[in-house]
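Participant: Kindly return the folded structure for what I paste below:
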Amino acid sequence: MIGQLTGLVGQVDGDRCIVDVNGVGYVVSASTRTLGTLPMPPAVAKVLIETIVREDAIQLFGFATAEEREWFRLLTTVQGVGAKVALAILSVNTASELILAINAGDRASLTRAAGVGPRLADRILSELRNKVAKMPGGGAAPAPGIVTGPSVENDALLALAGLGFRRAEAWPVLSRILAENGNASLDLAIRLSLKELAR
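Facilitator: Residues are numbered from 1 along each chain as shown. Below you'll find the model as predicted:
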């Protein structure tokens, strides 16, 4: 079982790269986020590895952080989420965005990933909702963007979601605006949020 590779970064092609360790080139599949952190070839890089052994192949999946690897492992426990789909999800969502999305029931954040339709997104949300707290950073704060009962914050989040903004990106902006503007009306909160989110 390979847990980590340290070697020269070779060719980076699509969703994979080659890591040359003492003359042996390992093909490593990774998220675009991890591939984007790699140094330009032929610099040396350290990549965390998840090894998956199948009857017909041994596949290596690489991660820039242990946090991303933990999310890969968790995502692949969901029926219908294979390694490729898990990497697609991690390419469009950071670990903290996934925590926000799952806590908020934000299906749109998941369906941005290739291979994730509404039905699979719903399954991910329902199966992982109770497991998020155990993930790195998952139990650090109450679920943001979830407010019981009517409130300016909740109504503004719903309005922004209706305009196409994900809760994971709208909530930090909205919460700061509400903190800075005290008793802001719903109209003002939405207007100021849109102004900042449109930048």
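Participant: What lies in contact with stretch 154-169?
Facilitator: With C-beta atoms under 8 Å, 6 or more residues apart in numbering as the test, stretch 154-169 has contacts from 93, 97, 100-101, 104, 106, 108-109, 145, 147, 170-171, 174, 186, 189-190, 193-194, 197. In this view, the C-beta of every residue, glycine as well, is placed from N, C-alpha and C.
Participant: and with 6 Å instead?
Facilitator: Applying C-beta atoms under 6 Å, 6 or more residues apart in numbering, the contact partners of stretch 154-169 are 97, 100-101, 104, 106, 108-109, 145, 147, 170, 174, 186, 189-190, 197.
Participant: next helix or strand past the lowest-mean-pLDDT helix or strand in the chain?
Facilitator: Each helix and strand of the chain was given a mean pLDDT (mean pLDDT, DSSP states H and E); the minimum falls on helix 152-162 at a mean of 77. The element immediately downstream of helix 152-162 (helix or strand, assigned by DSSP states H and E) is helix 167-180.
Participant: how far does the least confident helix or strand of the chain sit from the chain's center?
Facilitator: 22 Å (C-alpha atoms, centre = their mean, to the nearest Å).
Participant: tell me the angle that helix makes with helix 167-180.
Facilitator: In terms of direction (axes from the mean of the first three to the mean of the last three C-alpha atoms, to 10 degrees), helix 152-162 departs from helix 167-180 by 140 degrees.
Participant: Now do the buried residues in helix 152-162.
Facilitator: Val152, Glu153, Ala156, Leu157, Ala159, Leu160, Ala161 (16 or more other C-beta atoms under 10 Å).
Participant: would you turn the residues you listed into TSV with distance to Gly62?
Facilitator: Below are the buried residues of helix 152-162 laid out as TSV (distance: C-beta to C-beta, whole Å):
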residue	distance to Gly62
Val152	44
Glu153	39
Ala156	39
Leu157	35
Ala159	40
Leu160	35
Ala161	34
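Participant: If we only consider those residues, which is nearest to Thr76?
Facilitator: Nearest to Thr76 among the buried residues of helix 152-162 is Ala161, at 27.8 Å by C-beta to C-beta.
Participant: Next one: the closest one from Ala179, what distance?
Facilitator: From Ala161 over to Ala179 the distance is 20 Å, taken as C-beta to C-beta, to the nearest Å.
Participant: Kindly report the domain assignment for the protein.
Facilitator: 4-63, 66-134, 152-198 (the TED database).
Participant: Spit out the contact partners of Ile190.
Facilitator: Taking C-beta under 6 Å, 6+ apart, one finds Ala156, Ala159 in contact with Ile190.
Participant: looking at this, it is in a strand?
Facilitator: No - counting by DSSP: H, G, I helix; E, B strand; the rest coil, Ile190 falls outside a strand, being helix.
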